[in-house]
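Enquirer: Everything below, folded, please.
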Amino acid sequence: MKILVLHGPNLNMLGAREVDKYGTMTLDDINKKLRSIATELKIEIETYQSNNESELVDKIQATIGNFDGIVINPAAFTHTSIAIRDAILAVNMPTVEVHLSNIYSREEFRHHSYIAPVCIGQICGFKEGSYIAGLKTLVSYLQRANKN
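Expert: All right, here's what the predicted structure looks like:
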């Protein structure tokens, strides 16, 4: 089983920006933790971060035939990107949306996600734990789907 973990805009600044909302872990720290969990789960993961919407769309499109699922933190694109939403729909791949902060306890414009309705679920508010829960939940979902 192979999972793509996508990180959206400004997540390369983790550890230095708004630590009250996002925590002190860097993106590299989160990726290392996810790789460790992937080893425990006996799966492969690939991680990718971009500040560019088109690069994230290209990466999603490239999952066909190469990945079994996607964990995505679209960051600010959550609230604006129909292109990312459409890419997830086009590849028809089980996807979990994650966020470090609780987007529903923040500014009202952050309460709407274009991405969540095309995902199997959304996890938010647990800092790096959102990624961990997202990965574990997706793997469990895929394992159940493969048994049926």
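
Enquirer: The helix or strand bottoming out on mean pLDDT in the chain packs against which elements?
Expert: Confidence across the helices and strands of the chain bottoms out at helix 19-22, with a mean of 76, counting by mean pLDDT, DSSP states H and E. Judged by 3 or more C-beta pairs under 8 Å, 6 or more residues apart in numbering; DSSP states H and E, helix 19-22 is in contact with no other helix or strand. Glycine gets a C-beta too; all of them are placed from N, C-alpha and C.

Enquirer: What backbone torsions are found at residue 49?
Expert: Main-chain dihedrals, residue 49, degrees, to the nearest 10: phi -130, psi 140.

Enquirer: ok, residues contacting the least confident helix or strand of the chain?
Expert: 14, 100, 101, 106, 127 (C-beta atoms under 8 Å, 6 or more residues apart in numbering).

Enquirer: Could you single out the nearest of these to residue 69?
Expert: Distances from residue 69 to the contacts of helix 19-22, taken as C-beta to C-beta, are shortest for residue 100 (19.9 Å).

Enquirer: measure residue 92 to residue 114 for me?
Expert: According to C-beta to C-beta, to the nearest Å, residue 92 and residue 114 sit 17 Å apart.

Enquirer: Okay, helices next: where are they in the chain?
Expert: For the chain, helices defined by DSSP state H occupy the ranges 19-22, 27-41, 53-61, 82-91, 128-147.

Enquirer: what is the orientation angle of the fourth one with helix 53-61?
Expert: Calculated by axes from the mean of the first three to the mean of the last three C-alpha atoms, to 10 degrees, helix 82-91 forms an angle of 10 degrees with helix 53-61.

Enquirer: what do you get for the last one?
Expert: Helix 128-147 and helix 53-61 are oriented at 30 degrees to each other (the same axes, to 10 degrees).

Enquirer: Nearest to the middle of this protein, which residue? Look it up for me.
Expert: residue 72 (1.8 Å; C-alpha atoms, centre = their mean).

Enquirer: now it: how far from residue 123?
Expert: 11 Å.

Enquirer: the more surrounded of residue 92 and residue 114?
Expert: Between residue 92 and residue 114, counting by other C-beta atoms under 10 Å, residue 114 is the more crowded of the two (19 against 10).

Enquirer: Identify the residue spatially nearest to residue 26, adjacent ones excluded.
Expert: Nearest residue to residue 26 in three dimensions, chain neighbours excluded: residue 15, at 3.8 Å (C-beta to C-beta, 6 or more residues apart in numbering).
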